[in-house]
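Asks: the following block contains a protein sequence and its predicted model.
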Amino acid sequence: MNAITHNLPAPIGAPMQGGFFAGLIKINGETFGLIAAPKATGEFKLSWNDNDKSVPGALHYADGFANTEAMAAAGSELAQTIRALRIDGFDDWYLPSQDELEIGYRAFKPTTDNNARWGRSGINVSAVPSTYPYMADMPAQTLAEAFQADGAEAFEPSWYWTSTQHAALSNDAWTQDFDDGSQISNGKSAAGRARAFRRFKI
């Protein structure tokens with residue numbers, strides 16, 4: 001089972017507000033619910049940006065919306081594509097931050113593979129409640145069947161872009177692996193998967 005219980009407004013994976021409920025995050029002292037977009041309309045494969053210039057406004061570990069706005073202003077096709085989305089009447093989609101997408105991994109881990117157990121893997125001070133390093137089998141494969149491997153909404157067992165630029169390497173941005181949960185940086189010009197998120201205040 002997944003250890004995600006904290007007075008949730010809906011079960012993990014429940015359809016709501018244009019997508020699927022993914023969990024809770026605290027941003028600037030406020031708690032928000034996270035919504036992952038449907039795969040068919042909210043997943044893309046693009047570079048983070050087509051140049052290595054620094055985007056100073058995209059350094060937030062929790063606030064993916066602010067990051068995405070900064071990316072879009074800097075010319076990122078990925079950010080501009082996501083910000084232009086309109087799904088079920090909602091037009092506030094963005095590329096999730098490093099901490100937001102880690103919550104997405106805990107909610108929607110597609111496989112039964114062991115989790116990474118090195119570095120920062122699993123530590124998320126923005127999550128509600130805050131989380132600690134992964135164990136080999138925790139988080140487990142998601143209970144949301146549509147998000148299990150080969151399901152209609154499943155994340156691919158590969159890395160996905162976050163909107164968080166690497167603070168020390170301006171030509172890199174952070175990624176979230178949906179195979180083992182590891183977070184590593186990658187060059188911004190690499191073509192990678194991305195899933196749009198939105199949020200609502202709790």
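Replies: Cool, the structure landed.
Asks: who are the packing partners of whichever strand in the chain runs longest?
Replies: Within the chain, and with DSSP state E defining each element, the longest strand by residue count is strand 19-27. Judged by 3 or more Cβ pairs under 8 Å, 6 or more residues apart in numbering; DSSP states H and E, strand 19-27 is in contact with strand 30-36, helix 98-108, strand 197-201. Any C-beta I mention is one placed from the backbone N, CA and C, and that applies to glycine too.
Asks: could you check the angle strand 30-36 makes with it?
Replies: Relative orientation of strand 19-27 with respect to strand 30-36: 150 degrees, computed using axes from the mean of the first three to the mean of the last three Cα atoms, to 10 degrees.
Asks: buried sites along strand 19-27?
Replies: Of the residues in strand 19-27, those buried by neighbour count under the rule 16 or more other Cβ atoms under 10 Å are 19-27.
Asks: just the closest of those to Arg198, please.
Replies: Of all the buried residues of strand 19-27, Gly19 has the smallest distance to Arg198: 7.0 Å, by Cβ to Cβ.
Asks: what sits against that closest one?
Replies: Residues counted as contacts of Gly19 (Cβ atoms under 8 Å, 6 or more residues apart in numbering) are 35-38, 42, 87, 197-198.
Asks: list the contacts of Ala136.
Replies: With contact taken as Cβ under 8 Å, 6+ apart, Ala136 is in contact with 114-115, 117.
Asks: quick one, which of those are buried?
Replies: Buried residues within those, defined by neighbour count using 16+ other Cβ under 10 Å: Asn115.
Asks: quick one, helices of the chain?
Replies: Ranges of helices in the chain, per DSSP state H, are 39-42, 64-73, 77-83, 98-108.
Asks: can you say which of those helices is nearest to Trp48?
Replies: For Trp48, the closest of those is helix 77-83, at 6.1 Å, according to Cβ to Cβ.
Asks: what helices or strands is the closest one leaning on?
Replies: With contacts defined as 3+ Cβ pairs under 8 Å, 6+ apart, the secondary structure elements packing on helix 77-83 are strand 43-47, helix 64-73.
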